[in-house]
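Chemist: Sharing a model prediction with you, sequence too.
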Amino acid sequence: MALKTHTWISLWFLLTAPVIFWDASYCLMRPRSMAGGDLHWIWTGYEIYQEVDHVYGVESFLRNDGFPNAQALLNIIETLLNLVYLYLAHISPTPAAPLIGLASATMTLSKTVLYGLQDYYCGWCAIGHNDLATLIKFFIIPNGLWIIFPAMIVYTLGKDMATTLVAADRAASKVALHKKN
């Protein structure tokens, strides 16, 4: 059975890679990447996120909160796995590609949900100071994309893998039946 790929999944993995590396580097380069830092020009626009989501902001940095850098490191690992998927799906096709893509999308989905749950369980300590319009525009929509698309990828690749496993099981059963006869 030929390796099944989905253009939209490949595009998501490819187009999000630079965005994720840019975001992760912002966290890992703090305080130099923050507003007022000598490298902030690379992350123009993040002064908004410093104020909207305090995980990105000065308060988190000053209290030595490890979560931003821990999630940034996981972002890098996820993105490297996304790139491995692209290589294994399109350049050196192998049946393992969907497994790598599924694992990576599961990591992204889980980490993004954890990000939201962490804020929920601290009483909205990072985003609770915002009005609803700001939350929707700068937090809910952007983070929602990192839940919706990875969830769709998990579903699609999981379904593809299950279909392949069922087909392989049927083929193996037919071979075993022919050997018996």
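Modeler: It's in. Residues are numbered from 1 along each chain as shown.
Chemist: which residues does residue 154 contact?
Modeler: Shown in contact with residue 154 (Cβ atoms under 8 Å, 6 or more residues apart in numbering): 102, 105, 106, 109. In short, each C-beta sits where N, CA and C put it, glycine included.
Chemist: Give the rounded mean pLDDT of the longest helix anywhere in the chain.
Modeler: Longest helix of the chain, by residue count under DSSP state H: helix 141-180. In this model, helix 141-180 carries a mean pLDDT of 91.
Chemist: What of stretch 39-59?
Modeler: 93.
Chemist: Identify the residues contacting that stretch?
Modeler: So stretch 39-59 is in contact with 22, 25-27, 29, 31-35, 60, 65, 67-68, 115, 119, 125-127, 129-130, 134-135, 138-139, going by Cβ under 8 Å, 6+ apart.
Chemist: tell me which element the residue nearest to the spatial centre of the chain is part of?
Modeler: Closest residue to the average C-alpha location of the chain: residue 108 at 3.0 Å, with Cα atoms, centre = their mean. Using DSSP states H and E, residue 108 maps to helix 97-121.
Chemist: can you give me the angle that helix makes with helix 141-180?
Modeler: Here helix 97-121 points in a direction 140 degrees away from that of helix 141-180 (axes from the mean of the first three to the mean of the last three Cα atoms, to 10 degrees).
Chemist: For the residue nearest to the centre of the chain, give its distance to residue 36.
Modeler: Using Cβ to Cβ, to the nearest Å, one gets 31 Å for the distance from residue 108 to residue 36.
Chemist: contacting residues around the residue nearest to residue 107 when sequence neighbours are not counted?
Modeler: Nearest residue to residue 107, sequence neighbours excluded (Cβ to Cβ, 6 or more residues apart in numbering): residue 78, at 4.8 Å. Residue 78 sits next to 20, 104, 107, 108, 111 when contact means Cβ under 8 Å, 6+ apart.
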